[in-house]
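Student: Here's my sequence, what's the structure:
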Amino acid sequence: MATINTNTTSTLSGEDKTFYDRTLLAHAKVDLVFYEHGQKRPLPKHEGTTISWRRFTPWDAATTALTEGTNPDGTAMALTTVSGQIAQYGRYTAISDKLQYISIDPLIVEAIELCGENAGLTVDHLTRDAMLASTNIHYANSKTAIYLLAATDEINTTEVRKVRRTLRKNKARMFRRGGKKYYIAIVSPDSTFDLQADSKWEAVSTYSAHEQIFSGELGRIYGVMFIESTEAKVYENQELIDGATQLTAASLSTLVVTVDEAITTAEAAALVSREINVVDITDGTTYNRTTITAAAAGAAGSATVTVADATTGFTIADGDILYAQEYGVLDGSNDVHATMIFGRDSYGVVDLEGENLETIVHDKSIAGGALELYSTVGWKANGYVAKVLNNDWIVKMLHGVTA
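Tutor: Predicted coordinates for the structure are as follows:
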């Protein structure tokens, strides 16, 4: 009977490990847009799974004159602690010995570069999603809900000025660069397209030749620096059934709508609690927003959905459309973009430097089994979490895009 020896460490030299870790971090940093501007705390060792950020409340102005020879009472420092639970994240790939043997390219290094990109993407998504938890929301064009936003409710100078005013009134700390103060906004490429059409837009190309810029920075408006990220959050309506974000009404009985499409049992269960717009097909603009309270699976022409409310202004009839409509107005085709605008120390992250983000490479003699058939290359963040530290210092602007 063959003996399988279990190894727990790699045969990599210290120099190789250092090189691989540097390569991993360098490629991760390319995608670290949201992470980059957070307040960083080192990963705690031997202190459990909780990490804390501290925030001191600024004092009011000291407007009472001092009395000669008399010390005033001291002022306590009001401390707020925000804690988060760290978790590990990672991914690996296996590379066969045959592929390594015949490949022209240095597969291990290329795999580490791919791992670095994935690590950066993962950390930035975790950070972005933590920032999106902010309840300080600004709807463009004075709209009051995410499902009322149209493509024409775009980001522009006026909306940026409104958010900047909010941050200033909330006394949000500003970033500093070259003696200038500013806030930061992270935007999607479609949002950038709309902003660049604004006459007040100041492109990076017009900056002073000596001014340092951030990775991805494209321009500024009224003291707000704009950094573009392909990972900026875009809210899109999900399919109601496989392959379709809409259903077609065939008939109505009280609140039960028979539809032209087939609905599976799984789809019927998932439809419950979905928000929809029911659109009068005779004019294409009259609609009612409602909720699906029940759904019954069936073939095309027999499956049904039950809506919460009767429509006003028209009665649901053959051909009327039921659109998925959690986000964007009318037919749900208008994606809603989230632009995060924030001040310094508004959110916190765990520092990836040091020993947190690491490369793990196992040679085929360790990972490849009895016949040494493959090596593995992976990345691991030993502990990561991001948290909003001051809700008043970070604004989630929700808006449409025209592009």
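
Student: Could you state which residue of the protein sits nearest its centroid?
Tutor: Closest residue to the average C-alpha location of the chain: R128 at 3.4 Å, with CA atoms, centre = their mean.

Student: how close does it get to Y35?
Tutor: Going from R128 to Y35 by CB to CB, to the nearest Å gives 9 Å. Quick note: C-beta positions are derived from backbone N, CA and C, even for glycine.

Student: Point to the helix or strand of this protein where mean pLDDT is at its lowest.
Tutor: Within the chain, no helix or strand scores below helix 14-29, which has a mean of 53 by mean pLDDT, DSSP states H and E.

Student: Which elements pack onto the helix or strand just after that helix?
Tutor: Following helix 14-29 in sequence order, the next helix or strand is helix 33-36 (DSSP states H and E). Secondary-structure packing of helix 33-36 (3 or more CB pairs under 8 Å, 6 or more residues apart in numbering; DSSP states H and E): helix 107-131.

Student: any weak-confidence spans in the stretch 201-350 of the chain?
Tutor: Counting by pLDDT under 70, the stretch 201-350 of the chain has low-confidence residues at 209-210, 212, 330-332.

Student: Helices along that one, start to end?
Tutor: 265-271 (DSSP state H, counting those that start in this stretch).

Student: residue ranges of the strands in it, please?
Tutor: For the stretch 201-350 of the chain, the strands defined by DSSP state E, counting those that start in this stretch cover 202-203, 217-221, 224-228, 234-235, 246-253, 256-259, 275-279, 287-296, 304-307, 321-324, 336-342, 347-350.

Student: Under a three-state scheme, what state does the residue of the chain positioned farthest from its centre occupy?
Tutor: Distance to the chain centre peaks in the chain at G69, reaching 56.1 Å (criterion: CA atoms, centre = their mean). When classified by DSSP: H, G, I helix; E, B strand; the rest coil, G69 comes out as coil.

Student: now for the strands of the stretch 201-350 of the chain, which one comes closest to A94?
Tutor: strand 347-350 (28.4 Å; CB to CB).

Student: Can you tell me the strand partners of the closest one and which way each runs?
Tutor: strand 39-41 (parallel), strand 386-388 (antiparallel) (DSSP bridges).

Student: If you average pLDDT over each of those strands, which is lowest?
Tutor: Mean pLDDT is lowest for strand 39-41 among those, at a mean of 91.

Student: so where's the stretch 51-200 of the chain uncertain?
Tutor: 98-106.

Student: so where do the helices sit in it?
Tutor: 97-102, 107-131, 157-169, 189-195.

Student: Redo those helices as JSON lines? Include distance to D335.
Tutor: What follows is the helices of the stretch 51-200 of the chain, written out as JSON lines (distance: least, CB to CB, whole Å):
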{"stretch": "helix 97-102", "distance to D335": "40"}
{"stretch": "helix 107-131", "distance to D335": "16"}
{"stretch": "helix 157-169", "distance to D335": "17"}
{"stretch": "helix 189-195", "distance to D335": "8"}
